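Here you go, sequence then predicted model.
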Amino acid sequence: MTVACIIARRLVQAVLVSLLVSTLSFFMMRALPGDAAMRVAAARYGHDLVTARAADAVRAELKLDQPVAIALLSWWRNVLRLDLGTSAVTAAPVVDEVSHQLGCTIRLALASMGIALVAGPLIGLLCGLWPGGAFDQIWRALAAAIRAVPPFILGLLLIVAFSVEMAALPAAGTLDSTSLILPAITLAVGLTAGLIRVARDALKSVTESGYFAFARTKGLSLGQALVRHGLRNAAVPVTAYVGVQLAFLIEGVVAVETLFAWPGIGHALVHAIYARDVPMIQGTVMAMALLFIALSALADLAILAIDPRRR
């Protein structure tokens, strides 16, 4: 497989996934009970000031009384023209809103991925070098326990510990760079736990292989055999796992950003759903899907660079 094949496949996947997820979100919002025009009017003018006349004006403005088929065809036509429309609440272009929010989400994702990629493989490699030892058993148990904790529960525990009790870090918002620490740790912990187990099993498989035993037989020390033959082979399953777990990362963004009031696409998606802002929902969902595809493509390219046998 070549780089061009990977990029072409991901581009086709990006187009199909964008149309699919935006269409599904369109029908899901149409299926929700209640008056969408009233929700949008309440988001615009406030719940205390909204009236039936304001809701009727919003309904006429946004053409919410259109047949479903016509509204869906209009959306598809705009997407093919790379036009995501305007927000039903703020009247700002969806592209501008999503671009700003996506930057905050990428910043949070990079911070959490950085933490996970430093801690997870390192601990996993140490466990894999001496499988069955006390260090290995302790970290395997911790990893299993951590993976069982939902991100929002872990985030609440961190807020109580570091914001309420110790008053060391801000609980929410983006006042300064320290506001990134707690949400990044919350997202990174689950990914780190998975990386520990995958890196441990990958290195254990490498050290038990015939080529690694032959490298030691040639007179190479443990460190030399690891550098020349072990780490690169163990990196392939670790990189593949990171690519798969990006879905977990993007899924966790919605809960974590909402919990910590981080102004990313997950936080915006929750508010858009509450306000029935369909253009924002569709644009945000598309951005999340495209982000997942882009990160998966990067993982595929990294595996291709690490393992020349796949070329």
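Alright, I've got the coordinates.

Identify the residue nearest the geometric centre of this protein.
Closest residue to the average C-alpha location of the chain: residue 250 at 1.6 Å, with CA atoms, centre = their mean.

give the contact list for residue 76.
Neighbouring residues of residue 76 by CB atoms under 8 Å, 6 or more residues apart in numbering: 19, 23. The way it works is simple: take the backbone N, C-alpha and C, and place the C-beta from them, glycine included.

picking up where we left off before, wait, what's in contact with the residue nearest to the centre of the chain?
With the criterion set at CB under 8 Å, 6+ apart, residue 250 makes contact with 109, 288, 291-292.

Next: residue 21.
Residues near residue 21 by CB under 8 Å, 6+ apart: 285-286, 289.

In the stretch 201-311 of the chain, where is pLDDT below threshold?
247-248, 251, 310-311 (pLDDT under 70).

Just the contacts of residue 250: which are in helices?
The helices, defined by DSSP state H, take in 109, 288, 291-292 from these.

Show me where this structure has its helices.
So, for the chain - with DSSP H - the helices run 3-31, 36-45, 52-62, 68-80, 94-129, 134-147, 151-158, 181-207, 210-217, 222-225, 231-260, 265-275, 278-306.

Ranking those helices by mean neighbour count, which comes first?
Across the helices of the chain, averaging neighbours per residue (mean count of other CB atoms under 10 Å) puts helix 181-207 on top, at a mean of 23.

Give me the distance between that one and the centre of its chain.
16 Å (CA atoms, centre = their mean, to the nearest Å).

Make 396 the starting number, not 1.
With 396 as the first residue, the last one maps to helix 576-602.

Packing partners of it?
On a contact count with 3 or more CB pairs under 8 Å, 6 or more residues apart in numbering; DSSP states H and E, helix 576-602 meets helix 489-524, helix 529-542, helix 546-553, helix 626-655.

Output the helices of the chain as JSON lines; include the columns distance to residue 559.
Compiled in JSON lines, the helices of the chain are given as follows (distance: least, CB to CB, whole Å):
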{"stretch": "helix 398-426", "distance to residue 559": "36"}
{"stretch": "helix 431-440", "distance to residue 559": "31"}
{"stretch": "helix 447-457", "distance to residue 559": "40"}
{"stretch": "helix 463-475", "distance to residue 559": "44"}
{"stretch": "helix 489-524", "distance to residue 559": "22"}
{"stretch": "helix 529-542", "distance to residue 559": "22"}
{"stretch": "helix 546-553", "distance to residue 559": "10"}
{"stretch": "helix 576-602", "distance to residue 559": "12"}
{"stretch": "helix 605-612", "distance to residue 559": "49"}
{"stretch": "helix 617-620", "distance to residue 559": "45"}
{"stretch": "helix 626-655", "distance to residue 559": "14"}
{"stretch": "helix 660-670", "distance to residue 559": "21"}
{"stretch": "helix 673-701", "distance to residue 559": "31"}
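
Which of these sits closest to residue 482?
helix 673-701 (5.0 Å; CB to CB).

tilt between that closest one and helix 660-670?
160 degrees (axes from the mean of the first three to the mean of the last three CA atoms, to 10 degrees).

returning to that earlier point: out of the contacts of residue 416, who's nearest residue 583?
residue 684 (22.3 Å).

ok, so what distance separates that closest one from residue 532?
Residue 684 is 39 Å from residue 532, where distance means CB to CB, to the nearest Å.

ok, now residue 674?
Using CB to CB, residue 674 is found at 52 Å from residue 532.

repeat for residue 624
26 Å.

Residue 665 now?
40 Å.

Residue 681 now?
Applying CB to CB to residue 681 and residue 532 gives a distance of 44 Å.

same check, this time on residue 649
Distance from residue 649 to residue 532, counting by CB to CB: 34 Å.

nearest residue to residue 611 other than its sequence neighbours?
Sequence neighbours aside, residue 620 is the residue nearest to residue 611 in space, at 5.6 Å (criterion: CB to CB, 6 or more residues apart in numbering).

repeat for residue 690
Per CB to CB, 6+ apart, closest to residue 690 is residue 641, 4.6 Å.

can you tell me which residues contact that neighbour?
Shown in contact with residue 641 (CB under 8 Å, 6+ apart): 687, 690-691, 694.

next one: residue 615
Contacts for residue 615 (CB under 8 Å, 6+ apart) come out as residue 623.

separation between it and residue 524?
Residue 615 is 15 Å from residue 524, by CB to CB.

How about residue 700?
25 Å.

try residue 512
For residue 512, the distance to residue 524 - CB to CB - is 19 Å.

One more: residue 672?
Residue 672 is 52 Å from residue 524, by CB to CB.
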